[in-house]
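[1] I would like the atomic coordinates for the input below:
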Amino acid sequence: MFPHQRVAERASIFPPIREVTPQPDRIDRPADAPGLNPEQQFRAIGLEQLNATASMLIRRDNKYVVHKDRLAPAWAELIGKFDILEIDGKRDFIYDTCYFDDPEYTSYFDHHRGRRQRCKIRMRHYVDAQLCFAEIKLKGKRGQTEKRRIACSLDQYGVLDARAQEQIRAAYRELYARELTQVLEPICWMRYRRTTLVARNGGERMTIDRGMVFMDNDGSCEIDDDLVIVETKSGNANGIADKVLRVLHQHPTNSASKYCVSLAALGKVSKYNKLLPALRKLAAVPTCKATTA
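    Next comes the predicted model:
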């Protein structure tokens, strides 16, 4: 069964990831010059500095589903205001994520119904850094999202042990003053490549996810590499990146949670009307899902 395969074995079922060759930080050509990767124009920042400047474990989020070409005009506005995460010469990182829910998909339907107090539980393998964390994202007051993380070994990926479950349930109890009663099990998996930008003045991050593949034990759905999910994370959901995107007539896509989109795209839920704007933009409406295993 897929949930209990080891990391090395699981990696073979995902499509190959295109490696990005590091380029010099200083490039004199404009961001829209032919053949230029605009990400290479940003000044680099390390992981330690990113966490010190903008860990954003409590934040407000906006998600945008856009074609990558629509982002081209944004780069010129963001360069100089944002730095880019770079680790060992890389600026493009592979993320594997396993989401947990109960058999009734309570987390999914809480999101779909717009329940104010809701959570998502996942385990994330940062492939390039060879790190693994169990995480719970809790939606709280005034639309803020709070994230808690528990360090795990790579061998744990896809399995929440008793320690991780207890810490997840304790975080839920602390924020909501009630117990998390869901019996958690792995529901779906995904892989994508992420680029992370960090505002130089601190307090804001922007991530760009592409090359998304959603999977469960029955099949998969691969999203066109030209379609990306941009997520802005700031204190008020109206940061620098949000303003730049708004000027370019790009507006947040409601209900663009990758977990919820993946369940709908994989045909695991029959109710997904709130997700239709995101599904259509990603060409992932269940009737047009891409492949089966």
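
[2] May I see the buried residues of the helix or strand containing residue 166?
    According to DSSP states H and E, residue 166 maps onto helix 162-176. Neighbour counts over helix 162-176 (16 or more other Cβ atoms under 10 Å) mark 164, 165, 167, 168, 169, 171, 172, 175 as buried. Using the backbone N, CA and C atoms, a C-beta is placed for each residue, glycine as well.

[3] Show me which positions of stretch 201-212 end up buried.
    Within stretch 201-212, the residues that qualify as buried are 203, 204, 205, 206, 207, 208, 209, 210, 211, 212, counting by 16+ other Cβ under 10 Å.

[4] For the chain, which helix or strand comes out least confident on mean pLDDT?
    One helix or strand of the chain scores below all others by mean pLDDT, DSSP states H and E: helix 7-11, with a mean of 42.

[5] helix or strand right after that one?
    On the C-terminal side of helix 7-11, the closest following helix or strand by DSSP H and E is strand 43-45.

[6] Pull the most distant pair out of the buried residues of stretch 201-212.
    Maximum pairwise distance among these (Cβ to Cβ): 28.4 Å, between 203 and 211.

[7] On the pLDDT front, check residue 49 for me.
    What the model reports as pLDDT for residue 49 is 88.

[8] Repeat that for residue 214.
    Note on residue 214: pLDDT of 98.

[9] give me the number of residues near it?
    For residue 214, the neighbour count with other Cβ atoms under 10 Å is 29.

[10] so how far is residue 192 from it?
    Distance, residue 214 to residue 192, using Cβ to Cβ, to the nearest Å: 9 Å.

[11] list residues touching both of the two?
    residue 258 (Cβ atoms under 8 Å, 6 or more residues apart in numbering).

[12] circling back: in a markdown table: the buried residues of helix 162-176, plus pLDDT and distance to residue 38.
    Converted to a markdown table, these look like this (pLDDT from 0 to 100; distance: Cβ to Cβ, whole Å):
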| residue | pLDDT | distance to residue 38 |
| --- | --- | --- |
| 164 | 97 | 38 |
| 165 | 97 | 42 |
| 167 | 97 | 39 |
| 168 | 98 | 38 |
| 169 | 97 | 43 |
| 171 | 96 | 38 |
| 172 | 97 | 40 |
| 175 | 93 | 38 |
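
[13] could you dump those residues to a markdown table with distance to residue 99?
    Below are the buried residues of helix 162-176 laid out as a markdown table (distance: Cβ to Cβ, whole Å):
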| residue | distance to residue 99 |
| --- | --- |
| 164 | 14 |
| 165 | 15 |
| 167 | 17 |
| 168 | 13 |
| 169 | 17 |
| 171 | 17 |
| 172 | 16 |
| 175 | 19 |
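
[14] Would you check which pair of those residues lies furthest apart?
    Taking Cβ to Cβ as the measure, those have their most distant pair in 164 and 175, spaced 17.1 Å apart.

[15] which residues of the stretch 101-250 of the chain fall in strands?
    For the stretch 101-250 of the chain, the strands identified by DSSP state E, counting those that start in this stretch occupy 118-126, 131-139, 145-152, 185-199, 204-215, 220-222, 227-234, in order along the chain.

[16] As a markdown table, these with distance to residue 60 would be great.
    Output for these, formatted as a markdown table (distance: least, Cβ to Cβ, whole Å):
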| stretch | distance to residue 60 |
| --- | --- |
| strand 118-126 | 15 |
| strand 131-139 | 10 |
| strand 145-152 | 7 |
| strand 185-199 | 14 |
| strand 204-215 | 11 |
| strand 220-222 | 29 |
| strand 227-234 | 6 |
